[in-house]
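*Asks:* Fold the following.
(3 chains)
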Amino acid sequence: MKIKELAAKLNISPRAIRFYEQKGLISPHKQEHNLYRTFTEKEVWRLQTIISLREAGMTIEDIKAALPQADEEDQEDTEQLQYYLEMQRSIIFSQWLELKQIIETTDTMIDLLKHQPTLPLDGIFLLAEGSKRLRETRKNWSDKWNFDHQAQTHDNNVTNNDREYKDYEKALQLTADWVAPKAGERGLDIGTGTGNLAAKFLDKGISMAGIDQSKEMLKHCGRKHPQMELKLGNFLAIPYLDGQFDFLVTSFALHHISDEQKVLALSEMRRVLKPHGRICITDLMFVNEAHKEQYIADLEQLGKNDDIQMIQNEYYAMSSLLLNWFEENGYITKHRQLNELLTIVYAVPIR
DNA sequence: GTTCTAACA
DNA sequence: TGTTAGCA
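*Replies:* Numbers count the residues shown, from 1 in each chain, chains lettered A, B, ... in the order given. Okay, the predicted model is just below:
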């Protein structure tokens, strides 16, 4: 198939197709004599996906990073389709979140205007600040899409890094012990990475699903644990229908999302859980703000600037807030602090 | 008539 | 991405 025919089929301009090629999204074969591009069915499919993702608001760069490179595109079609759809869902979901936040900001403005007929300066500031933050959030999001390169070295990283991953093994084991899965139950591990936490459950013969932002991580995980059901996704867009799991675990992942997002993540977690589904969150967290300040102050004393950097680059949760949220939402909680930061929070709904 | 590259909008 | 030019 030549370019014009393809363009008509996809309802885009030939120029757009060449443009995608120029950006490295596709690499169609070219005829020897005239250098005309020829497209196969597979490339039509790929292009269709690119167009969809564009419509879903993804930038060319993001698509390039997320789409498998042409030379390694050998997987099953259904698997590919599922992957694409999940990716789209998470993008649309994040856009929905942004819109929702913009609406909230606007509402705030409207409300402000009701009482203060003069356009309050700080109100405008608030609006501008809000949309700026949204853009930053989006940028961070796409940055974090590229967790991929860490996939191979992750396990090494975990066992050797006694700072961030201190008591790693112990924490995972305890998480599994607390959840105490029963035969026949089904669990979900969010931010599963290479599946180290999920493995604790798989070993007991428990059926596990896992989601992660990085497809490389998932590949690696799939090799390690072929029994696991793996999908691309994240806290804010769990690619499952409502009420699918008996329990949900997550380790060393919650700190990747901001505090506002955590609230949304919690409701998203509840959505995919069965009515009495339990949640276990294992991650680095502070008890409260005071703890955080004290901790940072201590690090300053010791001149450990790298550690301070690390903390400020992530969003460590406050365990007290987390526990509060659970209790206010009808859960009985239990928690343990394994070391200065590493904490396990377990929540079971009240029957 | 179609496609290509390049350059500019 | 659209448009246009100059080719094959």
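*Asks:* just the helices in the stretch 101-250 of chain A please.
*Replies:* For the stretch 101-250 of chain A, helices defined by DSSP state H, counting those that start in this stretch occupy the ranges A:121-145, A:154-160, A:168-179, A:196-202, A:215-224.
*Asks:* Could you identify which of those helices has the lowest mean pLDDT?
*Replies:* Least confident of these, judged by mean pLDDT, is helix A:121-145 with a mean of 56.
*Asks:* Would you mind identifying the helix or strand in chain A with the lowest mean pLDDT?
*Replies:* Ranked by mean pLDDT, DSSP states H and E, the weakest helix or strand in chain A is helix A:121-145, scoring a mean of 56.
*Asks:* nearest residue to the residue in the stretch 201-350 of chain A that DNA strand B sits nearest to other than its sequence neighbours?
*Replies:* In the stretch 201-350 of chain A, no residue comes nearer to DNA strand B than A:K215, which is 30.4 Å away by Cβ to the nearest atom of the strand. Every residue, glycine included, has its C-beta placed from N, CA and C. Nearest residue to A:K215 in three dimensions, chain neighbours excluded: A:L232, at 5.9 Å (Cβ to Cβ, 6 or more residues apart in numbering).
*Asks:* just A:L172 next, same as before
*Replies:* A:L197 (5.0 Å).
*Asks:* if I pick A:K204, what's in contact with it?
*Replies:* For A:K204, the contacting residues are A:176, A:181, by Cβ atoms under 8 Å, 6 or more residues apart in numbering.
*Asks:* Distance check, it against A:N196.
*Replies:* A:K204 sits 15 Å away from A:N196, going by Cβ to Cβ, to the nearest Å.
*Asks:* got it, and A:G205?
*Replies:* 17 Å.
*Asks:* Pick out whichever of those two has more residues nearby.
*Replies:* Neighbours were counted for A:G205 and for A:N196 using other Cβ atoms under 10 Å; A:N196 has more, 21 against 10.
*Asks:* Would you pull up the residue in chain A closest to DNA strand B?
*Replies:* A:K4 (2.8 Å).
*Asks:* wait, is that residue part of a helix?
*Replies:* Yes: A:K4: assigned to a helix according to DSSP: H, G, I helix; E, B strand; the rest coil.
*Asks:* count of neighbours near the nearest residue to it once chain neighbours are set aside?
*Replies:* Once flanking residues are discounted, A:K4 sits nearest to A:P14: 5.8 Å by Cβ to Cβ, 6+ apart. The number of residues packed near A:P14 is 15, by other Cβ under 10 Å.
*Asks:* list the contacts for A:P14?
*Replies:* Listed by Cβ under 8 Å, 6+ apart, the contact set of A:P14 reads A:3-4, A:6-7.
*Asks:* how about a cut-off of 6 Å?
*Replies:* Residues in contact with A:P14 (Cβ atoms under 6 Å, 6 or more residues apart in numbering) are A:3-4, A:7.
*Asks:* are any of these buried, and which?
*Replies:* Buried subset of the contacts of A:P14 (neighbour count, 16 or more other Cβ atoms under 10 Å): A:3, A:7.
*Asks:* would you turn the contacts of A:P14 into a markdown table with distance to A:G191 and pLDDT?
*Replies:* Conversion of the contacts of A:P14 to a markdown table gives the following (distance: Cβ to Cβ, whole Å; pLDDT from 0 to 100):
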| residue | distance to A:G191 | pLDDT |
| --- | --- | --- |
| A:I3 | 42 | 91 |
| A:K4 | 45 | 91 |
| A:A7 | 40 | 91 |
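*Asks:* From the contacts of A:P14, pick the one nearest DNA strand C.
*Replies:* Closest to DNA strand C, out of all of the contacts of A:P14 and judged by Cβ to the nearest atom of the strand, is A:A7, at 8.9 Å.
*Asks:* residue ranges with poor pLDDT in chain A?
*Replies:* Where chain A drops to pLDDT under 70, the residues are A:56-57, A:66, A:68-91, A:93-95, A:97-98, A:118-166.
*Asks:* and it, which of its residues are near DNA strand C?
*Replies:* Taking Cβ under 7 Å from any atom of the strand as the measure of proximity, chain A contacts DNA strand C at A:12-13, A:15-16, A:19, A:22, A:34, A:54, A:60.
*Asks:* List only those of these flagged as buried.
*Replies:* Neighbour counting over those (16+ other Cβ under 10 Å) leaves A:12, A:54, A:60 as the buried ones.
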